[in-house]
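**Q** Here is my input; please provide its structure:
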Amino acid sequence: MITKFISGWGNYKTIKSKIYKPSNINELKKIIKKNKKFTIRGMGRSYGDSSIGKNIISLDKFEKIIKFDEKKGYLHCSSNSTINQILKKTVNKGWFLKVTPGSKFISIGGLIASDVHGKNHHIDGTFCDHLIEIVILLESGKIIKINKKKNNNLFKASCGGLGLTGIILSAKFKMMKIKSNLMIQDTIKTYSLKDTIDCLDKHNNKKYVVGWIDTANYNKLGRSIIYLADHCKNGELSFNVKRKINLKKIFKIFSFLSINLILKKMSSIYFNIHFKSKNKIVDLDKFFYPLDSISGWNYFYGKKGFIQFQILIKNKNAVSNIDKIIKFLIKNNQISFLSTIKKLGNKNNNYLTFPENGYTLTMDIKNNSKMKNTFSVLEKFLMKINAKVYLTKDSLISKEFFYKSYRNLNKFKQAIDRFKKFTSSQSERLKI
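**A** Below you'll find the model as predicted:
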């Protein structure tokens with residue numbers, strides 16, 4: 001056991017934690033028998049406080065197991081395996097994840113606990129929609145298998161359950177067949193928020209769709225660069241990861257780069273240097289995981305960190321509601337440069353899943369003295385329009401907003417009623 005200060009990926013909230021790193025199942029069982037509550041932590045890439053707590057269990061020292069049936073595309077791995085480790089073993093054999101988030105340095109346990117979605121949710125749903133089976137250790141010390149048919153109630157609570165049901169030990173899931181490590185990409189520029197929404201609607205049949213959106217410049221609000229892509233049918237099958245540039249020290253020293261005036265200029269430059277393109281060939285790693293090439297990018301906002309939040313806005317009056325959200329934040333000097341917009345598809349049956357029909361707006365805002373109060377006011381509007389915030393990226397939402405926006409919360413609480421051992425700073429804040 002070691003003691004250290006930890007935070008979420010946004011570096012917004014830091015707490016002193018005791019961290020336990022068992023190397024085998026017997027050690028793990030002994031730890032959870034202690035008269036303490038524990039937070040399960042994977043790679044620490046959730047932005048807010050969902051993976052921080054006073055007592056942390058990390059599976060860093062557990063043996064990593066990755067077994068792959070390259071004929072059928074079934075992969076069975078330990079929960080501490082990362083996307084990066086999996087793709088190194090599968091892309092060269094012609095297989096890729098059916099759903100992936102925007103970083104490859106996330107554990108499979110983390111993918112499940114967050115019920116992650118990607119740039120193709122409107123077509124392929126969430127990562128958990130493709131799970132075959134999960135092996136989970138309950139607080140009683142019992143190890144069970146759960147899936148959509150067996151222990152279904154616990155399965156729906158664990159997928160997106162933020163590690164509150166037990167410790168995910170391993171998972172089995174179906175991969176997707178590919179013929180190349182390259183992507184064929186179209187780039188479209190839009191010049192207003194309405195044009196952006198219309199573009200997302202028009203291209204909703206494309207496999208992968210995501211947009212960078214200008215949320216920094218009031219008079220250019222909503223203009224976007226929309227990326228459409230699919231897997232190439234011809235090319236090599238290898239997973240080439242470029243050498244990372246470590247800018248952590250630079251960002252810590254030059255945190256003035258993230259002041260509002262510079263962020264506005266950066267947004268204008270970013271928009272202007274991009275051009276419309278058709279059938280551009282890009283590397284798979286570059287398309288799905290662009291920020292992974294910059295080590296320490298989460299220190300861009302300085303030592304005090306940043307808040308990232310992802311808001312889901314329902315289809316009705318989407319343009320008007322997104323417009324009001326961005327304008328409100330700009331007027332309150334809460335400026336984001338790294339902002340994205342996507343259109344999501346149908347909601348699955350998992351109790352605390354985030355994605356459902358609508359548009360998501362994701363923003364990064366430098367931690368500042370007014371942020372908390374500003375979000376508190378914004379939250380009232382979000383409740384009014386029946387919006388919701390992704391829990392994996394949450395640091396600020398109130399218990400009232402959480403209970404109103406996650407309609408299956410009571411089902412989740414009933415499913416975990418007998419589990420009291422696992423917790424987090426977030427679950428305590430929201431009284432889950």
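
**Q** per-residue pLDDT, residue 253?
**A** Residue 253 carries a pLDDT value of 67.

**Q** What are the buried residues along the helix or strand where residue 262 lies?
**A** Secondary structure assignment for residue 262, by DSSP states H and E: helix 260-273. With burial defined by 16 or more other CB atoms under 10 Å, the residues of helix 260-273 counted as buried are 260, 263, 264, 266, 267, 271. Heads up, the C-betas are built off the backbone N, CA and C, glycines and all.

**Q** which residues touch the fifth one?
**A** In other words, residue 267. For residue 267, the residues meeting the contact criterion (CB atoms under 8 Å, 6 or more residues apart in numbering) are 214, 215, 216, 217, 220, 337.

**Q** Quick check: closest non-adjacent residue to it.
**A** Beyond its immediate neighbours in the sequence, the residue positioned closest to residue 267 (CB to CB, 6 or more residues apart in numbering) is residue 216, lying 4.0 Å away.

**Q** ok but the one you found is inside a strand, no?
**A** No: inclusion of residue 216 in a strand is not indicated when DSSP: H, G, I helix; E, B strand; the rest coil is applied; the result is coil.

**Q** in terms of contact, does it touch residue 262 like I think?
**A** No: with contact defined as CB atoms under 8 Å, residue 216 does not count as touching residue 262 (9.8 Å).

**Q** May I see the buried residues of helix 260-273 arranged in CSV, with pLDDT and distance to residue 17 as well?
**A** As requested, these are arranged in CSV below (pLDDT from 0 to 100; distance: CB to CB, whole Å):
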residue, pLDDT, distance to residue 17
260, 90, 33
263, 91, 32
264, 94, 37
266, 93, 35
267, 95, 36
271, 96, 41
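
**Q** nearest to residue 372, of these?
**A** The shortest distance between residue 372 and any of those, using CB to CB, involves residue 260 and amounts to 17.5 Å.

**Q** Next up, the contacts around that closest one.
**A** Residues near residue 260 by CB under 8 Å, 6+ apart: 216, 333, 335.

**Q** and if you look at residue 120?
**A** Contacts were defined as CB under 8 Å, 6+ apart; by that measure residue 120 touches 99, 207, 208, 209.

**Q** Next, count neighbours for the third one.
**A** This means residue 208. The burial count assigned to residue 208 is 22, neighbours taken as other CB atoms under 10 Å.

**Q** just the buried members of the contacts of residue 260?
**A** 216, 335.

**Q** and for the helix or strand where residue 85 lies, what are the contacting residues?
**A** Take DSSP H and E as the rule and residue 85 turns out to sit in helix 83-90. Around helix 83-90, the neighbours that count as contacts under CB under 8 Å, 6+ apart are 64, 66, 68, 70, 75, 77, 96-97, 100-101, 103-106, 108, 111, 175, 239, 241.

**Q** List the buried residues in that helix.
**A** Within helix 83-90, the residues that qualify as buried by neighbour count (16+ other CB under 10 Å) are 83, 84, 85, 86, 87, 89, 90.

**Q** ditto for stretch 321-333
**A** Neighbour counts using 16+ other CB under 10 Å place 321, 322, 323, 325, 326, 329, 330 of stretch 321-333 among the buried residues.

**Q** Return the residues in contact with the fourth one.
**A** In other words, residue 325. Taking CB under 8 Å, 6+ apart, we find residue 325 in contact with 311, 313, 361, 378, 381, 382.

**Q** Which pLDDT value goes with it?
**A** Here the pLDDT value assigned to residue 325 is 98.

**Q** so after the one helix or strand it maps to, what's the next helix or strand?
**A** Here residue 325 sits within helix 318-331, counting by DSSP H and E. Past helix 318-331, further along toward the C-terminus, the next helix or strand under DSSP H and E is strand 340-344.

**Q** tell me the angle the helix or strand that comes right after that following strand makes with helix 318-331.
**A** Once the chain leaves strand 340-344, the next helix or strand it forms, by DSSP H and E, is strand 358-366. Orientation note: strand 358-366 sits at an angle of 10 degrees relative to helix 318-331 (axes from the mean of the first three to the mean of the last three CA atoms, to 10 degrees).

**Q** Which strands or helices does strand 358-366 pack on?
**A** Packed against strand 358-366, as judged by 3 or more CB pairs under 8 Å, 6 or more residues apart in numbering; DSSP states H and E, are the following elements: strand 306-313, helix 318-331, strand 340-344.

**Q** That strand versus strand 340-344: what angle between them?
**A** Between strand 358-366 and strand 340-344, the angle formed by their directions is 160 degrees, by the same axes, to 10 degrees.

**Q** Which residues does the helix or strand following strand 358-366 contact?
**A** Scanning forward in sequence from strand 358-366, with DSSP H and E defining helices and strands, the next element found is helix 371-384. Contacts of helix 371-384 from elsewhere in the structure, counted by CB under 8 Å, 6+ apart, are 307, 309, 311, 324-325, 328-329, 332, 334, 365, 388-389, 396-398, 400-401, 404-405.

**Q** Just the buried residues of helix 371-384, please?
**A** Of the residues in helix 371-384, those with enough neighbours to count as buried (16+ other CB under 10 Å) are 371, 374, 375, 378, 379, 382, 383.

**Q** re the thing from before, closest to residue 343 out of the buried residues of stretch 321-333?
**A** Nearest to residue 343 among the buried residues of stretch 321-333, counting by CB to CB, is residue 322 at 11.7 Å.

**Q** hang on, the closest one packs against residue 193?
**A** Yes: under the criterion of CB under 8 Å, residue 322 lies in contact with residue 193, with a separation of 6.2 Å.
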